[in-house]
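Participant: Kindly generate the corresponding structure for this input.
(one chain, ligands or ions: 3)
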Amino acid sequence: MWKTEKMTSLLCITMISLALAGSAYGQPTNLPIRPTVMVLGVLGENVTLPCLLLSEHAKDAIAHTGVRVKWTKVEEDEALNEDVLLSMGFHKKTYGSFADRVFMNAADNEDATLTITDVSLADAGKYRCEVINGMVDILEEVILDVQSILTEGVVFPYSPSVGRYNLNFANATQACLEQNASVASLEQLHEAWKGGLDWCNAGWLSDGTVYYPVTKARGPCGGNKGPGLISYGLQNKQMGRYDVFCFASALKGSFYWLVQPDRLTFDEAVQACVDDGAEIAKVGHMYSAWKLEGFDRCDAGWLADGSVRYPISRPRKNCSPTEAAVRFGGFPDKMEKSNGVYCFKDE
Ligand SMILES: *[C@@H]1O[C@H](CO)[C@@H](O)[C@H](O)[C@H]1NC(C)=O
Ligand SMILES: *[C@@H]1O[C@H](CO)[C@@H](O)[C@H](O)[C@H]1NC(C)=O
Ligand SMILES: *[C@@H]1O[C@H](CO)[C@@H](O)[C@H](O)[C@H]1NC(C)=O
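Facilitator: Ligands and ions are numbered 1, 2, ... in the order given. Below is the predicted model of the structure:
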């Protein structure tokens, strides 16, 4: 919201300076000042802030040696502005947290576009591109917003076969890893909660705190607190025993139900996937396929941890009638020919 307001006010400033410049030179101006541009970057990736110099004046200007291009990160209080990059002909200098992390694309002489590599959340904000040669000064402002790729993953609660509240922090880390996942961050749990995750058992998060997410407050599950992320705070990593919230990202391979004539024991299930050139799927694979690929199958199948589950994304009678969910069928006796199997094949 504030960004929209900012943009509007920037636009006004731009218009005003255009008008002033016009009157100062006593002629209609086509100074290459354009409205603020908004750019969306993804955490950890590269992002490009445009500063194209399209006017004839500008082309001459930047082709001319001695032209300076200056990129600045602009703060609310201009006194706190941060230098990003200074370019004078062949000489380039980068500053502070931007040192060796930014470069000008300079594909041709019309381009002062800046690339920031390995974007961090702290990089978000307003940037100013100035091209200065004494005759034509070009000013362009770009607002950079940075998002993490939270949507490209899924948070799921996990408890081991020995039952709930059995994991200290090291166990929890190991448990997620074994499901091809990592321990979720508070930010990830928060996103999942906003997406409807409701779970009444407390679990570890990556910073050593313990939470549970409640979207429908009831009885002991946030009954007197209302919906939200309910916190047990920082817990003792050795002594504390909880479940865990794991985070699995998008699959780099295929998750599938292995068509088999008969039900299988656990060992047969493991072998059947191997015989198919794959491995028995992990819990994280199933959640990822379910949440991010809409995988839906109403057949209970073995997974690598010895549990039996099935993923439903189209709720229907006899298959998770009220909600899309990964259904849990417990940790059955591994010797019984009780279930089918889900496999995972790496790309
Ligand atoms: C970011 O840019 C650098 C330098 O051009 C390049 O080496 C790197 O592969 C790029 N990273 C991504 C994620 O595109
Ligand atoms: C937790 O870790 C300890 C030490 O590595 C191990 O002995 C124990 O079996 C683990 N518990 C669970 C439930 O994984
Ligand atoms: C999950 O497995 C893939 C390979 O299939 C691997 O690239 C990825 O790092 C694993 N993720 C986690 C969190 O273990």
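Participant: tell me which element D267 falls in.
Facilitator: helix 266-275 (DSSP states H and E).
Participant: What helices and strands are in contact with that helix?
Facilitator: strand 279-280, strand 301-302, strand 340-346 (3 or more Cβ pairs under 8 Å, 6 or more residues apart in numbering; DSSP states H and E). C-beta here means a position set from N, CA and C on the backbone, and glycine is covered the same way.
Participant: One more pass at 7 Å, please.
Facilitator: The elements that helix 266-275 packs onto, with contact taken as 3 or more Cβ pairs under 7 Å, 6 or more residues apart in numbering; DSSP states H and E, are strand 279-280, strand 340-346.
Participant: Between strand 340-346 and it, find me the angle.
Facilitator: Relative orientation of helix 266-275 versus strand 340-346 (axes from the mean of the first three to the mean of the last three Cα atoms, to 10 degrees): 40 degrees.
Participant: got the contact list for helix 266-275?
Facilitator: L258, Q260, L264, E279, I280, W302, G306, K334, V341, C343 (Cβ atoms under 7 Å, 6 or more residues apart in numbering).
Participant: ok, the first one - contacts?
Facilitator: In this case it means L258. Per Cβ under 7 Å, 6+ apart, neighbours of L258: A272, C273, D276, G340, V341, C343.
Participant: F344: neighbour count?
Facilitator: By the criterion of other Cβ atoms under 10 Å, F344 has 23 neighbours.
Participant: Setting aside sequence neighbours, what's the nearest residue to it?
Facilitator: Leaving out its chain neighbours, the residue that sits closest to F344 by Cβ to Cβ, 6 or more residues apart in numbering is A281, at 4.1 Å.
Participant: Next: S249.
Facilitator: Leaving aside its chain neighbours, S249 sits nearest to G153 (4.4 Å; criterion: Cβ to Cβ, 6+ apart).
Participant: Likewise for F169?
Facilitator: The spatial neighbour of F169 that comes closest, neighbours along the chain excluded (Cβ to Cβ, 6+ apart), is K237 at 3.7 Å.
Participant: what's the spacing between the one you found and ligand 2?
Facilitator: 12 Å (Cβ to the nearest ligand atom, to the nearest Å).
Participant: in stretch 283-298, what's buried?
Facilitator: By neighbour count on 16 or more other Cβ atoms under 10 Å, the buried set for stretch 283-298 is 283-292, 295-297.
Participant: from those, which single one is nearest ligand 3?
Facilitator: G284 (7.0 Å; Cβ to the nearest ligand atom).
Participant: Would you mind confirming that that closest one makes contact with A181?
Facilitator: Yes. Look at G284 against A181 with Cβ atoms under 7 Å: they come within range, at 3.8 Å.
Participant: any common contacting residues for these two?
Facilitator: C246, A248.
Participant: Next, the contact list for whatever residue of the stretch 151-300 of the chain ends up closest to ligand 3, please.
Facilitator: Residue nearest to ligand 3 within the stretch 151-300 of the chain: N180 (3.8 Å; Cβ to the nearest ligand atom). N180 is in contact with A248, K282, G284, H285, counting by Cβ under 7 Å, 6+ apart.
Participant: so what pLDDT did N133 get?
Facilitator: Note for N133: predicted pLDDT of 68.
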